[in-house]
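this is the structure alone, sequence omitted:
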Ligand SMILES: NC(=O)c1ccc[n+]([C@@H]2O[C@H](COP(=O)([O-])OP(=O)(O)OC[C@H]3O[C@@H](n4cnc5c(N)ncnc54)[C@H](OP(=O)(O)O)[C@@H]3O)[C@@H](O)[C@H]2O)c1
């Protein structure tokens, strides 16, 4: 058997589609590992599974479910052997290898910024715009949005449909795991060093100034506008996913010393007055959303409490006293799951359910 490959019997009932052959590029990373865990826990069926990473990891053996797989370097992988390839290995890797994968006939689900605004590439949050997966995209790519955009648009969709969104102002509180395993390690090491005293020796590579006992109002690079690229992504991606090209969303993105789960304080001004009880009912009825203050107004979610959850958590729902058309809420979502691996897998599940993978070019 070829290294990195295990072939499973297609045990489906008569008439069921043949499970796709799958590659995970970035399999050794935080998003890739979470994706493999979710594939097992959600029973995602695949005909073959190939684990791909850099040459640094080639030959490593990883266990998925009960089986062992040998990691293959992306340079040595033949993408014609798979029907779908999940990419979460960084933008530069996607820019170089996604075209190779699509040329070889694989449909790519990409977790990076590389193709999100490409007009031939749908940008999909299945709870919002799954209909875009009915047809195989012209580019051969489905893009997974930014990790803070996904939970936001899942809530804004329902609000827009009921009251119309005039504008939204968002502050994010983003966890260290947004930069993968090495981001979390740096938070832990810098925190240990900070506890030893101000002169303790620690050299940061990801977070400057240090994230230990600090907050940093800068994620990704600065643009000429003074906004950061992360803030710009939240605007343009929300517009594309919701199909609202003039949507007014403005954001301040902040890195906080939390290991995992992004939080957001969201202010929304609507076209019409909003009733709090109806708003809470509407949010609670959205798919895979839990409103913590549905019964007790003092209940709220926090990252440490809802870590590793597959739903979007909401609390602090407040209609403003000076403007009955506006409200605030607080949301927390696991960025590795909701913001990356789970959304990508749910795209894969929808593609299988809709038979979209069967029209391989
Ligand atoms: N973390 C999040 O919350 C989040 C959310 C949304 C999107 N994303 C995106 O997902 C991607 C991965 O993030 P992560 O958090 O999983 O990072 P990570 O933990 O640092 O993992 C990076 C993965 O990419 C692989 N890789 C790096 N350079 C490579 C190369 N030249 N060729 C092939 N593979 C290479 C690594 O393989 P080696 O082990 O061999 O180095 C590893 O598997 C990034 O593009 C990120 O923007 C992340």
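That came in fine, so what should we check first? In this text the structure is predicted, and so the values were computed from the model without any measurement.

the nearest residue to residue 247 once chain neighbours are set aside: what's it in contact with?
Nearest residue to residue 247 in three dimensions, chain neighbours excluded: residue 239, at 4.9 Å (Cβ to Cβ, 6 or more residues apart in numbering). From N, CA and C alone the C-beta is placed, and that goes for glycine too. Residue 239 is in contact with 245, 246, 247, 249, counting by Cβ atoms under 8 Å, 6 or more residues apart in numbering.

could you do residue 102 as well?
Per Cβ under 8 Å, 6+ apart, neighbours of residue 102: 108, 139, 140, 141.

quick check, nearest of those to residue 309?
residue 108 (27.4 Å; Cβ to Cβ).

ok so the closest one is a strand residue?
Yes: residue state for residue 108 (DSSP: H, G, I helix; E, B strand; the rest coil) corresponds to a strand.

and the gap between the residue in the stretch 101-250 of the chain that the ligand sits nearest to and residue 29?
Of all residues in the stretch 101-250 of the chain, residue 180 sits closest to the ligand, at 2.6 Å by Cβ to the nearest ligand atom. Distance of residue 180 to residue 29, computed by Cβ to Cβ, to the nearest Å: 5 Å.

more crowded one of the two?
residue 29 (23 against 19; other Cβ atoms under 10 Å).

pick the one among the contacts of residue 102 closest to residue 344.
Nearest member of these to residue 344, counting by Cβ to Cβ, is residue 108, at 10.4 Å.

the closest one against residue 83, yeah?
No: between residue 108 and residue 83 there is no contact under Cβ atoms under 8 Å: 10.7 Å.

where in the stretch 1-150 of the chain is pLDDT low?
1-16 (pLDDT under 70).

point out the residues in it that sit beside the ligand.
Proximity of the stretch 1-150 of the chain to the ligand, by Cβ under 6 Å from any ligand atom, involves residues 26-32, 53-54, 56-57, 74, 88-91, 93, 111-112, 147.

can I get the buried ones among the residues you listed as something I can paste into ChimeraX?
In ChimeraX, a selection of the buried entries from these looks like this (16 or more other Cβ atoms under 10 Å):
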select :26,27,28,29,30,31,32,53,54,57,74,88,89,90,93,111,112,147
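
chain neighbours aside, what residue packs nearest to residue 39?
residue 345 (6.4 Å).

ok but the residue nearest to residue 247 is inside a strand, no?
No: going by three-state DSSP, the assignment for residue 239 is helix, not a strand.

what segments of the stretch 101-250 of the chain are helices?
126-129, 149-163, 180-196, 229-242 (DSSP state H, counting those that start in this stretch).

that older thread, which of the contacts of residue 102 has the most neighbours?
Neighbour-wise, the contacts of residue 102 (other Cβ under 10 Å) top out at residue 108, 28 neighbours.

beta partners for that one?
residue 85, residue 141 (DSSP bridges).

which residues touch it?
Residue 108 neighbours (Cβ under 8 Å, 6+ apart): 84, 85, 86, 87, 98, 101, 102, 140, 141, 142.

repeat that for residue 240.
116, 117, 123.

quick one: which of those residues is most hemmed in?
Going by other Cβ under 10 Å, residue 123 tops the contacts of residue 240 with 25 neighbours.

picking that back up, counting neighbours, which of the contacts of residue 108 comes out on top?
residue 87 (30 neighbours).

I figured that one was touching residue 29, is that so?
No: in this structure, residue 87 is not within contact of residue 29 by Cβ under 8 Å, at 10.8 Å.

give me the neighbour count for residue 244.
Residue 244 - counted by other Cβ under 10 Å - has 16 other residues nearby.

if you could redo that for residue 283, that was the one I meant.
Around residue 283 there are 21 residues (other Cβ under 10 Å).

just the element for it, please.
Under the criterion of DSSP states H and E, residue 283 resides in helix 276-285.

list the buried ones in that helix?
Quick answer for helix 276-285 (16+ other Cβ under 10 Å): 279, 280, 282, 283.

for the contacts of residue 240, give me TSV that also has distance to residue 152.
Shown next, in TSV, are the contacts of residue 240 (distance: Cβ to Cβ, whole Å):
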residue	distance to residue 152
116	15
117	17
123	13
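
of those, which is the nearest to residue 45?
residue 123 (25.8 Å).

my read: that closest one touches residue 116, true?
Yes: counting by Cβ under 8 Å, residue 123 sits close enough to residue 116 to count as a contact (5.2 Å).

neighbours of the residue lying closest to residue 244 once chain neighbours are set aside, how many?
Among residues not flanking residue 244 along the chain, residue 160 sits closest, at 7.0 Å (Cβ to Cβ, 6+ apart). If you count neighbours by other Cβ under 10 Å, residue 160 ends up with 19.

cool, residue 66 as well?
7.

before we move on, what about the one 10 residues further on?
Here the neighbour count serves as a burial measure; for residue 76 (other Cβ under 10 Å) it reads 11.

quick thing: my sequence starts at 8, can you match it?
OK, 8 is where the count begins now, so the last one is residue 83.

so what's it up against?
If you count contacts by Cβ under 8 Å, 6+ apart, residue 83 has them with residue 65.

now it: how far from residue 104?
For residue 83 relative to residue 104 (Cβ to Cβ), the value is 12 Å.

could you do residue 134 as well?
29 Å.
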